[in-house]
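> Turn this into a structure:
(chains A and B)
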Amino acid sequence: MFNFIIKRIGIAIPTLLILIALSFYLMHAAPGGPFTSERPLPAQVLANIEAKYGLDQPVWNQMTNYIWGILTEFDFGPSYKYHDRSVNDIIGQGFPITMKYGFWSFIVAIGVGIPLGAIAAIKKNTWIDYLAVGISIGAQVLPNFVMAPLLIIVFTLWLGWLPGGGWNGGSWEYLIMPVIALSTSYMASIARITRSSILEVLNTNYIRTAKSKGLPTKTIFFRHVLKPSLLPVISYLGPAFVGLITGSVLIDIYFSTGGMGYFFVNSAFNRDYSVMMGITILVGGLTIIFSLIVDLLYAWVDPKIRY
Amino acid sequence: MNYFPKSLAVGFVLASFASASVLAATHPVTGETLADDQTFTYSLLDEFTSVDPQIVEDVSGSAFVRDLFEGLMNQDADGNLIPGVATGFTTNDAKDVYTFTLRDNAMWSDGNPVTAHDFVYSWRRLADPATASPYSWFAEIMALENVGGVMSGEASPDTLGITALDNHTLEVRLTASLPYFAAMTTHASTFPTPEWVVRTSGNDWTKPENIVSNGAYILTEHIPNERAVRERNTMYWNNDATILDKVVTLVINDENVDLTRYLAGELDMGTVPSGQYLRLKEDYPDEATSFPRLCTYYYTFNLSPSGQEAYQDVRVRQALSYAVDRSVVTEKILQAGQIQAFTFTPGATAGFEVPPVAFGQMTQDERNAKAKELMAEAGYGSDNPLNIELMYNTSEGHKKIAIAVQQMWKETLGVKATLANQEWKTFLKTRGSQNFDVARGGWCGDYNEASTFLDLLTTPSGYNDGKFSNAEVDELMLEARTLSDATANYTRVEEILANEMPVIPVYHYTGVFMLKSNVKGWPYDNVEQNWYSRDLYKVSK
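Numbering: from 1, shown residues only, chains lettered A, B, ... in the order given. Next comes the predicted model:
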């Protein structure tokens, strides 16, 4: 197991470096720059700004300086768009927000999705199954850019129960709508994967053997069905978790959370190079870490992988 | 000469009334009963770029900075110049030396007095290449002595033409005669900054825990892209006249959610989503507001060598412009009181009268008939159709207008237009390098004067992406700079443009917003919409 982890980390570092180099190159290849605007800046003004931010140097130098800054001072640079903030400020403020609503969405998605899928599988072809499948398909096809404004109209405008947006330190009433809007489609996917995976396991020979041995249904389900049928769910959860905690631009736009997703997408439009790089590195790093965790979980669940 | 003794006296009387009347909770002038909660909450579609006066670039950020900091001069509800930190100013006959007298009771929020030295520091900071301000060009158009040398790093910032003669007297020396110079000091980039805070906190000086400001409000909370809060600055010299206690800015990126939250009572001021103004005006006549803005929406021909040969023929340019039915764009598509444009400069611009250009006087049928005639003369018709690529920056709104124009050209002139769109920065690059056929443009005035529009179409302008060049226009605009009244020049330039048609003016923008009817004091008549929270108040419902 130790060797396995070392090997994975050995692959992760060059992967991250390639990601940085590629993003840096692609970013600079996009037309325009952070200070391109409808009113082109006078040459002297632009030269002063580029000198201040080191944008007048060759891209290769800019990249090595950037990486050096991160390694030595953990400095991801200044934002070119939000002049009062550094990238560290933006991530430091946005990431905890995103992580909070992302984490709760994850809990809700699993907490509702797995039981829903399991019940549907156990009660296959009954009204309970149809209802559960109906709910999950409904949740899947309702995109969050439709769901979010609808929630606001219902809970804020009509009922007046919840604030229509904002964050307020993440108190619960500000958290409910973002979590519902973000978790539903994940919940639906988890329910469907769980259902089909349990059905597959239920049809295997060893379950038939267990049944013929006369084991109680409960024991069969919790001891022999659940664990193997969660394998596909786990492989889905790793990337889903990273996706959830690194933010959704739509949730940030509709609920004005101040989360990181909006900064990420907007930094591409603004050519805010350092913000884009900082968040790319964060998301890339997290993706690598969580795929490692998923692999370890896999090894734990499935002995075939371990040996 | 002192310019403002009368308004100062009025201000003093108002201030003394205000202190007495806050207890009675009625407005000192109108006598209206004030609401108990004087918190004003408004929304922005996007986070502002900065609250540093010398760095801020955007309109919403400038409004924020006007609340936190106070410059030498302010604007009143009609856009007239009134005293700020300066009680008045004098100037010489050549109008190239200005001397401002600063009030002795102006204070920073930490209790330090505001002095002429603070302005010297901030103006030098604006021009200093080390600050790398994207707005440093403003110091250049203010024509401050030595500004070029300072900006290029050849001269020390100490050599800039601004001197504190004593704590309350500021002298500014210019390299050109600028009769309107004092009005430029209402611009955020000229506001004072506290040197001692900038030195100790560096880039973090604008954060709520560090910032020190001299305006009517101080920044107490700022979560980028979520909210920013400013509260009454008790050290402000005219704090007694301020009525709003707290101003909350919420960033709401989606205009429909913005409206929903406004209707749910979370906002005092909100956005009108595009295309919804008429409906909202009907349902909320006291709240939906539309006002003319100093902006023009237009299409520009590529007249450079990389453009189509056809556009060198003035008849083609005229025909394409005539065939655009502006009323369809303003009344059917936009529906928020936009004004059809036949000139490049909006009629709302100060000192500008829209000249009766011939094609603006015709009916659309007459224009269409004339357009067909011109196009035929130029040799284009159904057997030899003109092909056009109409480019705009990606947006639903621009797309709707482009589709309408495409259809108008096709029906009236048989022109085959294809549409192309590009993401904003790519689009700017493409247009700026003359890599287009016909492209969309939008231009908002930097100040309330016609030259801010018409300079764009002169040969040396860096914004002239269509590369239109006309010697007479260049000459008239150059001459306009030295005239005290240049109206005749502007009229003549517009006549030339109507004839030469280097761009197709489509409409002049309007601004729209929703404002609760209990919020009073909004400067509807200030065409630049420079508002100050300290002029607003909420009356009891």
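> now the biggest helix by length in chain A: mean pLDDT?
Identified as the longest helix of chain A according to DSSP state H is helix A:87-122. The average pLDDT within helix A:87-122 is 93.
> Can you name every helix or strand that it contacts?
helix A:127-141, helix A:172-202, helix A:231-245, helix A:260-270, helix A:273-301 (3 or more Cβ pairs under 8 Å, 6 or more residues apart in numbering or on different chains; DSSP states H and E). Using the backbone N, CA and C atoms, a C-beta is placed for each residue, glycine as well.
> if we go to 10 Å?
Using 3 or more Cβ pairs under 10 Å, 6 or more residues apart in numbering or on different chains; DSSP states H and E, the elements in contact with helix A:87-122 are helix A:127-141, helix A:172-202, helix A:226-229, helix A:231-245, helix A:249-255, helix A:260-270, helix A:273-301, strand B:217-223.
> list the buried ones in stretch B:143-153?
For stretch B:143-153, burial by neighbour count (16 or more other Cβ atoms under 10 Å in any protein chain shown) applies to B:143, B:144, B:145, B:146, B:147, B:150, B:151.
> isn't the second one right next to residue B:155, touching?
No - judged on Cβ atoms under 10 Å, residue B:144 makes no contact with residue B:155 at a distance of 11.6 Å.
> residue ranges with poor pLDDT in the stretch 301-450 of chain B?
Nowhere does the stretch 301-450 of chain B drop to pLDDT under 70.
> For the residue of it at minimum distance from chain A, list the residues it contacts.
Nearest residue of the stretch 301-450 of chain B to chain A, counting by Cβ to the nearest Cβ: residue B:425, 3.2 Å away. When contacts are counted by Cβ atoms under 10 Å, 6 or more residues apart in numbering or on different chains, residue B:425 is found next to A:30, A:31, A:32, A:33, A:34, A:36, A:37, A:268, A:269, A:270, A:271, B:393.
> Got a quick PyMOL command for the buried subset of those residues?
Per 16+ other Cβ under 10 Å, the buried members of the contacts of residue B:425 correspond to this PyMOL selection:
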select buried, (chain A and resi 31+32+33+34+36+268+270+271) or (chain B and resi 393)
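> wait, which of the contacts of residue B:425 is closest to residue A:106?
residue A:268 (25.4 Å; Cβ to Cβ).
> how many neighbours does the residue nearest to residue B:149 when sequence neighbours are not counted have?
Counting by Cβ to Cβ, 6 or more residues apart in numbering or on different chains, residue B:155 is the residue found nearest to residue B:149 once chain neighbours are left out, at 3.2 Å. When neighbours are counted by other Cβ atoms under 10 Å in any protein chain shown, residue B:155 registers 15.
> Is it correct that residue B:155 falls within a helix?
No - the assignment for residue B:155, made by DSSP: H, G, I helix; E, B strand; the rest coil, is coil rather than a helix.
> ok, now which ones touch it?
Going by Cβ under 10 Å, 6+ apart, residue B:155 touches B:127, B:146, B:147, B:148, B:149.
> can you put those in CSV and add pLDDT and secondary structure?
Below are the contacts of residue B:155 laid out as CSV (pLDDT from 0 to 100; DSSP: H, G, I helix; E, B strand; the rest coil):
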residue, pLDDT, secondary structure
B:127, 95, helix
B:146, 95, coil
B:147, 94, helix
B:148, 92, helix
B:149, 94, helix
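> And those residues, which is closest to chain A?
residue B:148 (7.9 Å).
> what subset of the buried residues of stretch B:143-153 is also close to chain A?
residue B:151 (Cβ under 10 Å from any Cβ of the partner chain).
> I am finished for the moment; much appreciated.
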